[in-house]
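# Structure, please.
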Amino acid sequence: MKKALTLILTISGYLSYSQIVGPVIEGTYLPVRGTAVVEIWDMNSTITVPAPGVDHYWDYSTEFTSPTSPYRIETFVPDTTPYFSNFQSSTHGSYLTAPLSQIDSLYSYYVVDTGGLYMVGGRSTKAVPSSGDYIMNDTTAIYTKRELYVPANVYYQREILDTSKVITYGRISGFNVMIRSTKYKGMTAVGYGSITMPDGKFYDDVLLTKITVKRVDSAFSLGGTFLGVPGNPLIENYIEYSFLRNNTFGASALMYLNVNQANTSVNYGWYTLPVDFGYISGTVYDSLNELNVVKYGEAYLYREHSNFSKDDILAKVPLDTLGRFKFDSIPYGQYRVAIRPDLDTFPNALTTYYGDTTDWLGAPTISTYNDSTSDGHKIHLQYHPEPAGQGQLSGFLNLNWGIRVNNPIPGIDIIVRKEPGGSAFRQDKTGLDGQFEINNLDDGEYKMFVDMPGLYMDSTYHFTINGATVHNCLDFMAGQDSIHPTCMMTSVKQFENRIAHLMEVYPNPHTSSATVKVVLTEKSDIQLEMYNLLGEKVAMIEKAQKQPGTYTYSVNTDGLPSGIYLLKLKANQKLDILKMIKQ
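The predicted structure follows:
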């Protein structure tokens with residue numbers, strides 16, 4: 001019976017810290033929607049329990065002597081999975097098969113935000129044998145207090161305590177069952193160094209985390225009769241170890257080990273292998289005529305489906321002496337690339353995205369889905385005029401997810417745009433305290449843009465510079481879904497670059513064809529495309545310049561499998577995305 005009380009398990013590492021010593025592991029290792037990994041399991045208890053230590057070397061090259069077949073884990077946009085209606089707060093969903101019966105054929109639902117990865121529930125679709133003659137099936141777990149599985153940031157000796165509560169509903173031999181469980185966890189990063197994996201791969205800058213787990217199952221009911229056992233609860237104690245590393249191809253851990261309470265033997269473990277990964281490369285020039293390459297600066301890689309509203313940079317690489325950049329071993333998916341030039345060499349240069357634009361909304365995505373490589377992308381630096389005026393402005397950018405009032409976000413580009421026209425005029429980057437400051441602005445009308453890839457602006461400031469005008473309250477707050485101005489000392493207006501409602505599709509669902517209606521209120525350069533849920537482009541419907549008006553397109557989906565597709569429309573700087581279902 002006891003195993004039936006631990007139905008919803010996920011096998012992830014938990015993190016900890018108290019002082020910054022050794023590598024800092026950030027959120028780039030958390031699961032990414034639209035990616036997949038495989039896990040190689042070993043249920044043999046001969047695997048070595050890892051030793052803690054500083055600058056340690058862990059050699060698992062001869063371990064995992066009884067490996068299982070690879071088990072694939074895929075991560076999805078949650079509303080495309082079958083049980084999303086029970087877990088509508090989730091930001092990610094996944095499907096997992098594994099040799100442990102409790103998590104075989106499991107849909108898991110979780111939230112990824114600036115705090116990390118939190119489990120909110122799951123549904124097992126396979127009958128799970130427990131002790132005795134019981135079979136546990138039709139199992140759903142709902143967390144009444146979500147569980148922290150993977151913190152977003154961890155470094156050596158960080159410590160975190162977490163308490164979670166979950167109710168599991170299911171059936172045992174035809175009887176309804178309800179199980180109330182509380183899990184207590186102590187998470188500590190106990191070592192760092194390098195590791196050789198069972199497949200021979202070597203990684204450095206790896207953290208080892210240790211999690212002590214106590215699970216208490218205090219009550220359940222059978223056939224509608226409540227059976228309380230508060231004086232004799234079912235208790236399970238064990239230890240979890242995880243090896244973590246930044247940019248681990250969208251996996252939560254390099255390796256996971258489940259260890260007995262005495263910390264003397266491994267019950268089982270798995271290690272992760274990447275699947276479907278490639279690279280992106282290109283060259284940066286200082287002008288459109290490409291006479292000179294840009295040797296000084298960095299290239300930044302952003303995920304199209306970002307995990308955080310904070311500056312979620314998957315990777316950074318320096319430009320080489322030929323102006324080239326290359327991002328290696330990244331999961332198949334869609335990305336945006338930005339170049340941040342060295343301002344001592346290029347004092348008037350702006351952060352420039354692939355597509356030669358100064359903000360992420362106008363930047364085309366780069367895909368690595370189809371052939372694993374994406375070569376030859378050219379980026380031409382954009383510039384602002386030489387400062388000549390006397391105007392000044394300043395403000396702060398903070399994060400507001402109910403954490404605390406002052407939570408500065410450093411490293412974010414703040415762009416001042418001229419009106420009319422909207423071209424980038426000046427730019428500054430937020431400091432460690434979230435502050436930005438731009439001086440020597442010319443006379444004129446301006447608006448502002450906070451460039452955080454993946455996060456749209458709800459509204460922005462509109463202000464005038466006339467001589468030595470000073471605006472010192474241009475503060476912004478980043479929430480979970482958009483960016484908002486927070487100072488009312490200057491005029492605020494809706495930002496036109498947010499998601500626009502420009503499309504309709506009908507019938508939806510459809511069987512073989514659907515009609516897409518597009519309404520344009522201004523002359524627009526449009527690009528209308530259709531994607532599957534892996535992010536693969538399956539159709540380019542229209543790419544043209546259109547006058548204001550209403551346009552209809554017939555989309556033929558014969559030859560495409562049934563499922564959910566995304567229609568993506570770009571119209572100048574506006575964006576609209578609709579879900580289309582083929583039956």
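# what about the stretch 101-250 of the chain, any weak spots by pLDDT?
Counting by pLDDT under 70, the stretch 101-250 of the chain contains low-confidence residues at 101-102, 114, 127-138, 171-175, 219-233, 247-250.
# the helices in it, which residues?
Residue ranges of helices cannot be listed for the stretch 101-250 of the chain, since DSSP state H, counting those that start in this stretch assigns none.
# Show me the strands in it, by range?
106-113, 116-124, 128-129, 135-151, 159-172, 175-196, 202-222, 225-228, 234-244 (DSSP state E, counting those that start in this stretch).
# could I get those strands as JSON lines with mean neighbour count and distance to residue 434?
For the C-beta atoms, the positions are set from N, CA and C on the backbone; glycine is no exception. As requested, those are arranged in JSON lines below (neighbours: other C-beta atoms under 10 Å; distance: least, C-beta to C-beta, whole Å):
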{"stretch": "strand 106-113", "mean neighbour count": "24", "distance to residue 434": "18"}
{"stretch": "strand 116-124", "mean neighbour count": "24", "distance to residue 434": "21"}
{"stretch": "strand 128-129", "mean neighbour count": "18", "distance to residue 434": "48"}
{"stretch": "strand 135-151", "mean neighbour count": "20", "distance to residue 434": "22"}
{"stretch": "strand 159-172", "mean neighbour count": "17", "distance to residue 434": "25"}
{"stretch": "strand 175-196", "mean neighbour count": "20", "distance to residue 434": "27"}
{"stretch": "strand 202-222", "mean neighbour count": "19", "distance to residue 434": "27"}
{"stretch": "strand 225-228", "mean neighbour count": "10", "distance to residue 434": "51"}
{"stretch": "strand 234-244", "mean neighbour count": "20", "distance to residue 434": "28"}
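# For residue 412, which of the ones you listed is the nearest?
strand 106-113 (17.2 Å; C-beta to C-beta).
# counting contacts, what elements does the closest one pack onto?
On a contact count with 3 or more C-beta pairs under 8 Å, 6 or more residues apart in numbering; DSSP states H and E, strand 106-113 meets strand 92-96, strand 116-124.
# Residue 503 is nearest to which of the strands of the stretch 101-250 of the chain?
Comparing the strands of the stretch 101-250 of the chain by their distance to residue 503 (C-beta to C-beta), the top pick is strand 106-113, with 27.8 Å.
# What are the contacting residues of the closest one?
Strand 106-113 has contacts (C-beta atoms under 8 Å, 6 or more residues apart in numbering) with 8, 10, 27, 30-31, 78, 81-84, 86-87, 89-98, 117-125, 146, 149, 152, 307-308, 401, 480.
# Can you tell me the closest non-neighbouring residue to the most far-flung residue of the chain relative to its centre?
Residue distances from the centre of the chain (C-alpha atoms, centre = their mean) peak at residue 467, which lies 43.8 Å from the mean C-alpha position. In this structure, residue 467 finds its nearest non-sequential neighbour in residue 390, 5.8 Å apart by C-beta to C-beta, 6 or more residues apart in numbering.
# can you confirm residue 85 is in a helix?
Yes - with the criterion set as DSSP: H, G, I helix; E, B strand; the rest coil, the secondary structure at residue 85 is a helix.
# Tally up the residues packed near it, please.
Neighbouring residues of residue 85 were enumerated by other C-beta atoms under 10 Å; the total is 8.
# Could you do residue 577 as well?
Using other C-beta under 10 Å, the number of residues around residue 577 comes to 12.
# and it, helix, strand or coil?
strand.
# again, but for residue 432
Remark: residue 432 carries the secondary structure label coil [criterion: three-state DSSP].
# quick one, what contacts the nearest residue to it once chain neighbours are set aside?
Nearest in space to residue 432, with sequence neighbours left out and distances taken as C-beta to C-beta, 6+ apart, is residue 410 at 4.9 Å. Residues counted as contacts of residue 410 (C-beta under 8 Å, 6+ apart) are 311, 430-434.
# Correct me if wrong: residue 411 contacts residue 428.
No - with contacts defined as C-beta atoms under 8 Å, residue 411 does not count as touching residue 428, sitting 11.4 Å away.
# Those two - which one has more neighbours?
Comparing residue 411 with residue 428 by other C-beta under 10 Å, the one with more neighbours is residue 428, at 18 against 15.
# I'd like the distance between residue 507 and residue 190.
Plainly put, residue 507 is 57 Å away from residue 190 if you go by C-beta to C-beta, to the nearest Å.
# coming back round to it: how close does the residue nearest to residue 432 sit to residue 106?
On the measure of C-beta to C-beta, residue 410 and residue 106 end up 38 Å apart.
# Go through stretch 286-297 and flag the buried ones.
Within stretch 286-297, the residues that count as buried by 16 or more other C-beta atoms under 10 Å are 286, 294-295, 297.
# Between those, which sits nearest residue 178?
Of all these, residue 297 has the smallest distance to residue 178: 58.3 Å, by C-beta to C-beta.
# Any idea what that closest one is bridged to?
Bridge pairing for residue 297 (DSSP bridges) gives the partners residue 341.
# isn't it right next to residue 316, touching?
No - taking contact to mean C-beta under 8 Å, the distance of 10.6 Å between residue 297 and residue 316 leaves them out of contact.
# Check which helices and strands the helix or strand where residue 538 lies is in contact with.
Of the helices and strands defined by DSSP states H and E, residue 538 is found in strand 537-546. Applying 3+ C-beta pairs under 8 Å, 6+ apart, one finds that strand 537-546 makes contact with strand 524-532, strand 549-556.
# re earlier: tell me the buried residues within the contacts of strand 106-113.
Here, 16+ other C-beta under 10 Å leaves 8, 10, 27, 30-31, 78, 81, 83-84, 86-87, 90-96, 98, 117-124, 146, 149, 152, 307-308, 401 buried among the contacts of strand 106-113.
# So residue 508, which state does it fall into?
The local conformation at residue 508, judged by three-state DSSP, is coil.
# Count residues in the vicinity of it, would you?
The local packing count at residue 508 equals 15, with neighbours defined by other C-beta under 10 Å.
# give me phi/psi at it?
Recorded main-chain torsions at residue 508 are phi -150, psi 100, according to degrees, to the nearest 10.
# what sits against it?
Counting by C-beta under 8 Å, 6+ apart, residue 508 makes contact with 514, 580-581.
# Could you report the distance from it to residue 329?
Counting by C-beta to C-beta, the gap from residue 508 to residue 329 is 38 Å.
# got it, and residue 303?
The spacing between residue 303 and residue 329, counted by C-beta to C-beta, is 14 Å.
# Between these two, tell me which one has more neighbours.
Looking at residue 303 and residue 329 with other C-beta under 10 Å, you find the greater number of neighbours at residue 303, namely 26 against 12.
# Can you get me a residue count around the nearest residue to the more buried one once chain neighbours are set aside?
Counting by C-beta to C-beta, 6+ apart, the nearest residue to residue 303 once its immediate chain neighbours are dropped is residue 314, at 5.4 Å. Residue 314 has 22 neighbours, counted by other C-beta under 10 Å.
# All set now, cheers.
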